[in-house]
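Participant: Pasting the sequence and the predicted model now:
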Amino acid sequence: MIRRALVLVLLAVLGALFAALWLGFTPAEELGLTGRYYAEHTAPDLGAANLVTAIIVTYRGLDTLGEVTVLFLSAAIVGLVLAGGRPAARRKPPVPAGELLATGSRLLVPLILLLGAYVIVNGHLTPGGGFQGGAILASGTLLLLLAEPLKRFSHGLITRIESLSGATFVALGLLGLVFAGGFLDNRLLPVGTLGELFSAGLMPVISVLIGLKVGAEFSSMLASLSETEDS
Amino acid sequence: MSSLGMDLASNLTSGLALLLGLAMVLAALVAILVRSTPIAILSAGLVSLFASVLFLILAAPDVAMTEAAIGSGLTTFLFFFVLARVRGGESEASDDD
């Protein structure tokens, strides 16, 4: 009874807080100080058409490195926990995928991988970037896993891709410290003309590295989960 | 005339956003209240799917992409993989009894 009353009181307080926020909300007429700086300086300084990727990869590149590290840690822990258990004993063969899934995945997986590569490579021009593209790549892996439950991915290959792109990411950041303005400065490469594929300095390179790293981490997580699925 | 058109467009957008918000709340309630776990997982994924469309309406396509791929795609299947594992453990435990 008391617990129920407490929950209701908590809900009422939260509701009052959110209502106050909502009633006091006036849409901003112009950008804030930070937003204006990014909006005005991204195109001339960095040569990137997509503000969001410029912020993620260059202005707040260190945060992205931390984010990718967190993702790496969670993938490593999933691998560790699942490898600690029994290996997948294949007593009963899993239910085979349906005809629709098997045929559809043959058509869709290349397209999904292509879309992922497109999103990664065009990160500095159109919406998307390394993180989004990496997640799309991993969903291609997921579809493969669903269509062929017995398929085994090479964990060695995934690990090598993952660690190589991570190490290159950090190395490029350190090179920026030496040859350009600071850690992960994207003017290590020429900025080029706005809107071209090979422009915006280091941004496409780092996008590709983040995409490979994120895709590999998600794929390794999904693969370890599905391999021990019927243990 | 053009301002009328703009008004109509903005009204349509707000209406769609409101509809999506309501659908999100509804799907979230279904996810909490329903008894069967697979349906709860699916409606939790539906919340993310509606959220990603809402992000698209709010002119944040980058966030919408992440939400659609990770929130409604990978997370949902992660839950299903884990559900299969947990069920396996349960059946073994009941075998021992």
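Facilitator: In hand now; what should we look at?
Participant: In chain A, where is pLDDT below threshold?
Facilitator: A:84-95, A:180, A:188, A:195-196, A:228-231 (pLDDT under 70).
Participant: Please determine how far the spatially most central residue of it is located from residue A:166.
Facilitator: Among the residues of chain A, residue A:131 comes closest to the average C-alpha position under C-alpha atoms, centre = their mean, at 2.6 Å. From residue A:131 across to residue A:166, the span is 14 Å (C-beta to C-beta, to the nearest Å). For glycine as for every other residue, the C-beta is placed from the backbone atoms N, C-alpha and C.
Participant: before we move on, back to that, tell me if I'm right that the residue nearest to the centre of chain A and residue A:213 touch.
Facilitator: No: assessed by C-beta atoms under 8 Å, residue A:131 is found out of contact with residue A:213, at 9.5 Å.
Participant: Moving along the chain from whichever strand or helix holds residue B:21, name the first helix or strand you hit.
Facilitator: Element membership of residue B:21, judged by DSSP states H and E, is helix B:2-33. Next in sequence after helix B:2-33, counting helices and strands by DSSP H and E, comes helix B:37-57.
Participant: need the next SSE after that next one, C-terminal direction.
Facilitator: Following helix B:37-57 in sequence, per DSSP H and E, is helix B:61-66.
Participant: List phi and psi for residue A:100.
Facilitator: The phi and psi values for residue A:100, taken as degrees, to the nearest 10, are phi -60, psi -50.
Participant: Around it, count how many other residues there are.
Facilitator: 9 (other C-beta atoms under 10 Å in any protein chain shown).
Participant: Who are the contact partners of it?
Facilitator: Contacts for residue A:100 (C-beta atoms under 8 Å, 6 or more residues apart in numbering or on different chains) come out as none.
Participant: wait, residue A:141 sits on residue A:151?
Facilitator: No: contact between residue A:141 and residue A:151 fails when scored by C-beta under 8 Å: they sit 10.0 Å apart.
Participant: Of the two, which one has the most company?
Facilitator: Of the pair residue A:141 and residue A:151, residue A:141 is the one with more neighbours under other C-beta under 10 Å, namely 26 against 13.
Participant: Please, which helix or strand holds residue A:171?
Facilitator: helix A:155-179.
Participant: Contacts made by that helix with the rest, please.
Facilitator: With C-beta under 8 Å, 6+ apart, helix A:155-179 has contacts from A:61, A:65, A:68, A:72, A:75, A:182-188, A:202, A:205-206, A:208-210, A:212-213, A:216-217, A:219-220, A:223-224.
Participant: Just the buried ones out of the residues you listed, please.
Facilitator: Among these, the ones that count as buried by 16 or more other C-beta atoms under 10 Å in any protein chain shown are A:61, A:65, A:68, A:72, A:75, A:184-188, A:202, A:205-206, A:208-210, A:212-213, A:216-217, A:219-220, A:223-224.
Participant: So which of those residues are in helices?
Facilitator: Here DSSP state H is the test, and the buried ones among the contacts of helix A:155-179 give A:61, A:65, A:68, A:72, A:75, A:205-206, A:208-210, A:212-213, A:216-217, A:219-220, A:223-224 as lying in helices.
Participant: Would you check which of those residues are in contact with chain B?
Facilitator: Filtering those for proximity to chain B by C-beta under 8 Å from any C-beta of the partner chain leaves nothing.
Participant: which helices and strands does the host helix or strand of residue A:146 pack with?
Facilitator: In this assignment (DSSP H and E), residue A:146 forms part of helix A:130-147. Packed against helix A:130-147 by the contact rule (3 or more C-beta pairs under 8 Å, 6 or more residues apart in numbering or on different chains; DSSP states H and E) you find helix A:99-121, helix A:203-227, helix B:61-66.
Participant: deepest of those helices, which one?
Facilitator: Most buried of those, by mean neighbour count (mean count of other C-beta atoms under 10 Å in any protein chain shown): helix A:203-227, with a mean of 24.
Participant: distance between that helix and the chain's centre?
Facilitator: 8 Å (C-alpha atoms, centre = their mean, to the nearest Å).
Participant: Can you list the helices and strands that it packs against?
Facilitator: Using 3+ C-beta pairs under 8 Å, 6+ apart, helix A:203-227 is in contact with helix A:51-54, helix A:61-84, helix A:99-121, helix A:130-147, helix A:155-179, helix B:75-96.
Participant: ok, residue A:102 - contacts?
Facilitator: A:147, A:148.
Participant: still on that earlier bit, output the helices and strands packed on helix A:203-227 in TSV; the columns should cover distance to residue B:31.
Facilitator: Shown next, in TSV, are these (distance: least, C-beta to C-beta, whole Å):
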stretch	distance to residue B:31
helix A:51-54	29
helix A:61-84	23
helix A:99-121	25
helix A:130-147	21
helix A:155-179	32
helix B:75-96	11
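Participant: Could you tell me how many residues sit around residue A:173?
Facilitator: Residue A:173 - counted by other C-beta under 10 Å - has 19 other residues nearby.
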